[in-house]
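Trainee: missing the sequence, but the structure's below:
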């Protein structure tokens, strides 16, 4: 992975780490906000990947 790819992915990795460390104390809407996506997209993704 190149330096530019790492720099691009850094905010996503930080958001995922924050969500993973929350131990279930974060609602789906807050998780979507951390990932900077619309809550509906996250709800749809989670419900389609049961």
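Mentor: Structure's in. What do you need? Only a predicted model underlies this, so the values are computations on that prediction, with no experimental measurement involved.

Trainee: pLDDT wise, what is residue 29 at?
Mentor: Residue 29 is assigned 90 on the pLDDT scale.

Trainee: what's the answer for the one 3 residues further on, then?
Mentor: Confidence per residue is given as pLDDT, and for residue 32 that number is 88.

Trainee: again, but for the one 3 residues further on
Mentor: The predicted local distance difference test score for residue 35 is 83.

Trainee: For it, give me its contacts.
Mentor: Shown in contact with residue 35 (Cβ atoms under 8 Å, 6 or more residues apart in numbering): 12, 15-16, 19, 42. Backbone N, C-alpha and C define where each C-beta goes, glycine included.

Trainee: Would you reformat these as JSON lines and include pLDDT?
Mentor: Output for those, formatted as JSON lines (pLDDT from 0 to 100):
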{"residue": "12", "pLDDT": "81"}
{"residue": "15", "pLDDT": "81"}
{"residue": "16", "pLDDT": "79"}
{"residue": "19", "pLDDT": "78"}
{"residue": "42", "pLDDT": "87"}
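
Trainee: And those residues, which two are furthest apart?
Mentor: Across these, no pair lies farther apart than 12 and 42, at 13.3 Å, counting by Cβ to Cβ.

Trainee: quick one: which of these two has more around it?
Mentor: residue 42 (17 against 12; other Cβ atoms under 10 Å).

Trainee: Okay, and the residue nearest to the more buried one when sequence neighbours are not counted sits in which element?
Mentor: Leaving aside its sequence neighbours, residue 42 sits nearest to residue 32 (Cβ to Cβ, 6 or more residues apart in numbering; 4.1 Å). Using DSSP states H and E, residue 32 sits within helix 28-35.

Trainee: For that helix, buried residues please.
Mentor: Across helix 28-35, burial judged by 16 or more other Cβ atoms under 10 Å covers 31-32, 34-35.

Trainee: so can I have TSV of those showing distance to residue 49?
Mentor: Output for those, formatted as TSV (distance: Cβ to Cβ, whole Å):
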residue	distance to residue 49
31	14
32	15
34	18
35	15
